[in-house]
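K.L.:
return a 3D structure for these sequence lines:
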Amino acid sequence: MGYRKYVGLVTFVTLAFVHFSQADLLKVCVDTAACHTGGDANSVCAKKGETGGDDNGNCICNGTYKANVAGDACIVKALLQTCTNNAACQNTQSGGDAHAVCAKVGETGGDADGNCICNGTYKANIAGDACIAKALLQTCANNAACQNTQSGGDAHAVCAKVGETGGDADGNCICNGTYKANIAGDACIAKVLLQKCANNAACQNTQSGGDAHAVCAKEGETGGDPDGNCICNGTYKEKANACVVKAVSELDCKPADTDSTTGGTAVCKAVDAHANCPAGTSKCACNNGYKQDTTNVNTCVKVLGGTCSGSSSCTGADNSECSATSSKCVCVTNYIEDSSICKKALGQTCTKAEECVTNADCATTCKCSSGYINTGGLCALPSSASSVWMTTRVVVSSPLIYVLRLIY
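P.N.:
Predicted structure coming up:
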């Protein structure tokens, strides 16, 4: 019995010694030296008003260090440190985080030596020593859940419910009206469009809410004022506080202006070579035979030969229809494709030459003009047609020449 008491006493004393000899972070302090004594060389004494401090002073790890899991020592923060692989960033015993990855050069946030950053659905906390879930676009019960910066939120976020802009049945954290999500989607930044500006650079800084296609309009300029106003440039428009490309049909033009650079048609053709500024309008349009692309709305695409699901799909090319057999836009009966549009075929009744194919006249019916001949339904110069005949003749006669050479 006496032996067991002795062993128990030794065990108790040993445990007590281990406990009191450990570095004691978060202990009361008067200065940083007090934190180093029996503590950790990488700790500092934070006072009231300082991060992690209080009235009595509090020992905490300094900026590039953080407390380990046990809270008794300072370890290097892994985030933003160099790395060779993901495992190095995720080792929690050496300052890493389970949601960190090693980004290499060419990857977002990476560099030549490798850089520990939080993965796509996480972001670094304010201290920069841990990864926290991004609150934006996450489910929420109220605004407070979206605004809690300690858990990945943003002070300018709100919880949008079903029926509200950007909301859904479970609630959705989004940036409030005067703010928008940054490129990473993990913080709210002030909207720049329609805000005051000194120059174009201020409007185009995407890191502070700007847009690469915005400009600073001054007084006397369209959309400008004395203090400067960030607006989207001429070929772009504002949508959800971003500049998106205008469709061909949304571009302003002046038909009466014939200047080769700034004139109505010139403005439209600068966007697409197959666009023009029709008389009697103030907007650009695609030429006959072309239509505005449904995906790249600032582009005119050829109608004939395009896939269709009904005649309405072939709108943009007069006298065309959707072929039931090929599901392609083709010219209707008695019309033929000529330079991407449908013209009346030779021999068809007409009232003016413009209805007929190129280089044809209208004499009750369409016929090739003098000096032109019918070549595949179109009118071409005889030299063009004879060149085809000559090519064929040479190819056919070549074997005969070869035989004659052998004989002689």
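K.L.:
which phi and psi does residue 189 have?
P.N.:
Reported as degrees, to the nearest 10, the phi and psi values for residue 189 are phi -120, psi 150.
K.L.:
okay, the nearest residue to it once chain neighbours are set aside: pLDDT?
P.N.:
Once flanking residues are discounted, residue 189 sits nearest to residue 209: 4.3 Å by C-beta to C-beta, 6 or more residues apart in numbering. Using the backbone N, CA and C atoms, a C-beta is placed for each residue, glycine as well. On the pLDDT scale, residue 209 is placed at 73.
K.L.:
need the contact list for residue 209.
P.N.:
Counting by C-beta atoms under 8 Å, 6 or more residues apart in numbering, residue 209 makes contact with 179-180, 182, 189-192, 241.
K.L.:
buried ones among those residues?
P.N.:
Buried members of the contacts of residue 209, counted by 16 or more other C-beta atoms under 10 Å: 179-180, 182, 189, 191-192, 241.
K.L.:
let me know the closest of those residues to residue 371.
P.N.:
Nearest to residue 371 out of the buried ones among the contacts of residue 209 is residue 241 (C-beta to C-beta; 61.4 Å).
K.L.:
how far away is that closest one from residue 96?
P.N.:
37 Å (C-beta to C-beta, to the nearest Å).
K.L.:
before we move on, what about residue 371?
P.N.:
83 Å.
K.L.:
more neighbours: these two, which one.
P.N.:
Taking neighbours as other C-beta atoms under 10 Å, residue 371 and residue 96 compare with residue 96 leading, 25 against 9.
K.L.:
residues contacting the nearest residue to that one once chain neighbours are set aside?
P.N.:
Leaving aside its chain neighbours, residue 96 sits nearest to residue 78 (3.8 Å; criterion: C-beta to C-beta, 6+ apart). Contact partners of residue 78, counting by C-beta under 8 Å, 6+ apart, are 88-89, 91, 94-97, 100, 116.
K.L.:
residue 319: which of those residues is nearest?
P.N.:
Checking the contacts of residue 78 against residue 319 with C-beta to C-beta, the nearest one is residue 100 at 63.4 Å.
K.L.:
need phi/psi at the closest one.
P.N.:
Torsion angles, degrees, to the nearest 10, at residue 100: phi -100, psi 150.
K.L.:
am I right that residue 224 is in contact with residue 218?
P.N.:
Yes: counting by C-beta atoms under 8 Å, residue 224 touches residue 218, with 4.7 Å between them.
K.L.:
tell me the secondary structure for residue 88?
P.N.:
helix (DSSP: H, G, I helix; E, B strand; the rest coil).
K.L.:
show me what contacts it?
P.N.:
78, 96, 102, 116.
K.L.:
and the gap between it and residue 52?
P.N.:
Separation of residue 88 from residue 52 (C-beta to C-beta) stands at 27 Å.
K.L.:
repeat for residue 112
P.N.:
Taken as C-beta to C-beta, the span from residue 112 to residue 52 is 34 Å.
K.L.:
neighbour count: these two, which is higher?
P.N.:
Legend: neighbour count by other C-beta under 10 Å for residue 112 and residue 52, higher for residue 52 (14 against 9).
K.L.:
tell me which residues touch that one, please.
P.N.:
Here residue 52 is in contact with 46, 58, 60 (C-beta under 8 Å, 6+ apart).
K.L.:
dihedrals phi and psi, it?
P.N.:
Torsion angles at residue 52 (phi, psi; degrees, to the nearest 10) stand at phi 80, psi 0.
K.L.:
which residues of the stretch 201-350 of the chain fall in strands?
P.N.:
For the stretch 201-350 of the chain, applying DSSP state E, counting those that start in this stretch gives strands covering 214-217, 229-232, 236-239, 242-245, 275-276, 285-286, 290-292, 300-302, 320-322, 329-331, 335-338, 341-344.
K.L.:
ok, which of those strands comes nearest residue 136?
P.N.:
The nearest among the strands of the stretch 201-350 of the chain, by C-beta to C-beta, is strand 242-245 at 16.0 Å.
K.L.:
re earlier: flag the least confident of the contacts of residue 78.
P.N.:
The model is least sure about residue 94 among the contacts of residue 78, giving it 68.
K.L.:
what's around residue 210, how many residues?
P.N.:
23.
K.L.:
let me fix that: residue 141
P.N.:
When neighbours are defined as other C-beta under 10 Å, residue 141 has 11 of them.
K.L.:
who's in contact with it?
P.N.:
Per C-beta under 8 Å, 6+ apart, neighbours of residue 141: 159, 171.
K.L.:
how far away is it from residue 173?
P.N.:
10 Å.
K.L.:
same question for residue 42.
P.N.:
Distance, residue 42 to residue 173, by C-beta to C-beta: 36 Å.
K.L.:
looking at those two, which one has more neighbours?
P.N.:
Comparing residue 42 with residue 173 by other C-beta under 10 Å, the one with more neighbours is residue 173, at 26 against 17.
K.L.:
just grab the bridge partners of that one for me.
P.N.:
Beta-bridge partners recorded for residue 173 (DSSP bridges): residue 159.
K.L.:
report pLDDT for it.
P.N.:
85.
K.L.:
residues contacting it?
P.N.:
By C-beta under 8 Å, 6+ apart, residue 173 lies in contact with 135-140, 145-146, 153, 157-160.
K.L.:
on that earlier part again, wasn't the residue nearest to residue 96 part of a strand?
P.N.:
No: under three-state DSSP, residue 78 falls outside any strand and is assigned coil.
K.L.:
filter the contacts of residue 78 down to the buried ones.
P.N.:
Buried, going by 16+ other C-beta under 10 Å: 88-89, 95-97, 100, 116, out of the contacts of residue 78.
K.L.:
which non-adjacent residue is nearest residue 345?
P.N.:
Nearest non-adjacent residue to residue 345 (C-beta to C-beta, 6+ apart): residue 336, at 4.6 Å.
K.L.:
any idea what the one you found is bridged to?
P.N.:
residue 343.
K.L.:
what distance do you get for it to residue 322?
P.N.:
Using C-beta to C-beta, one obtains 17 Å as the distance from residue 336 to residue 322.
K.L.:
okay then, goodbye and thanks.
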